[in-house]
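Enquirer: Task: produce atomic coordinates for the following.
(one chain, ligands or ions: 2)
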Amino acid sequence: MVETLSIAVIGAPGVGKTSIIRQFIYNDFSEVYTPTRTRYVYRPSVILNGNMYELKVLDVPPISSFPASTSQEWLDLRCRGVRNANAYILVYDICCVESFEYVKMIRQQIVENREGSSSEVPILVVGNKRDLQRQRFMPRRAVSVLVKKTWKCGYVECSAKFNWHVVLLFKELLGIAVARAMRQNHTSIRLQGALQRNRCTVM
Ligand code: GDP
Ligand code: MG
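Expert: Ligands and ions are numbered 1, 2, ... in the order given. Alright, predicted model coming up:
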């Protein structure tokens with residue numbers, strides 16, 4: 001049986017969320033910025049350590065805050081599926097401090113608004129546009145320490161433009177999600193089996 005792992009990709013406008021997802025799934029990158037106006041769902045399958053995972057990747061358009069309640073989520077089409085995601089990728093641009101502030105706010109809201117043990121959902125913070133690192137606003141080490149030690153989230157830097165560390169970031173997130181699911185014996189992400197290998201990314 002293969003169950004689906006839903007991953008919500010959230011971040012300020014223009015940080016490269018769509019680029020990361022499209023590079024991961026289609027090996028495609030566009031310099032032209034086309035703002036994402038509606039929520040888009042991608043459904044890739046991947047194989048990690050011999051196990052098959054079906055992913056539901058939500059490309060979330062700009063939202064002012066994490067939906068605080070189920071009704072808020074259902075009233076705002078852009079937020080559909082965001083509250084119950086099995087994992088989060090919070091993207092910021094390493095050259096844009098405001099985009100990091102946004103990630104900081106969303107991370108806080110995820111922890112506050114998801115109830116009980118579900119507030120311990122896997123979160124991976126991703127610093128994109130690594131190719132522009134001369135303009136970064138904070139040294140990598142300082143961000144990494146803050147995110148990992150204080151926020152208890154994973155941290156990866158990537159460049160969607162050069163497809164650098166893009167597969168790695170999904171691998172990292174899946175690794176955290178699977179380890180956590182095993183610890184909690186979480187049935188909704190009990191992922192195994194091997195179906196439809198022809199449309200998979202082997203990581
Ligand atoms: P989104 O609004 O977060 O979905 O951002 P997009 O994926 O649409 O990307 C916004 C802009 O940033 C586009 O013009 C992309 O070409 C550019 N971009 C995305 N990723 C990178 C990257 O890794 N490096 C550079 N230099 N530009 C990028
Ligand atoms: Mg987008």
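
Enquirer: for this protein, what spans make up the helices?
Expert: Along the chain, the stretches classed as helices by DSSP state H are 17-26, 70-75, 97-113, 140-145, 166-184.

Enquirer: Residue 170: neighbour count?
Expert: Neighbour count for residue 170, taken as other C-beta atoms under 10 Å: 28. Any C-beta I mention is one placed from the backbone N, CA and C, and that applies to glycine too.

Enquirer: do the same with residue 4
Expert: Residue 4 has 15 neighbouring residues, counting by other C-beta under 10 Å.

Enquirer: Quick check: beta-bridge partners of it?
Expert: As for beta bridges, residue 4 partners with residue 54 under DSSP bridges.

Enquirer: correct me, but it touches residue 56?
Expert: Yes - counting by C-beta atoms under 8 Å, residue 4 does reach residue 56; the two are 5.2 Å apart.

Enquirer: Find the residues that touch each one of these two.
Expert: When contacts are counted by C-beta atoms under 8 Å, 6 or more residues apart in numbering, residue 4 and residue 56 have residue 43 as shared neighbours.

Enquirer: nearest residue to residue 91 other than its sequence neighbours?
Expert: What sits nearest to residue 91 in space, not counting adjacent residues and going by C-beta to C-beta, 6 or more residues apart in numbering, is residue 11, at 3.5 Å.

Enquirer: what residues are up against the one you found?
Expert: Contact analysis of residue 11 by C-beta under 8 Å, 6+ apart lists 17, 90, 91, 92, 99, 102, 103.

Enquirer: confidence score at residue 26?
Expert: For residue 26, the model assigns a pLDDT of 96.

Enquirer: so how far is residue 96 from it?
Expert: With distances taken as C-beta to C-beta, to the nearest Å, residue 26 is found 25 Å from residue 96.
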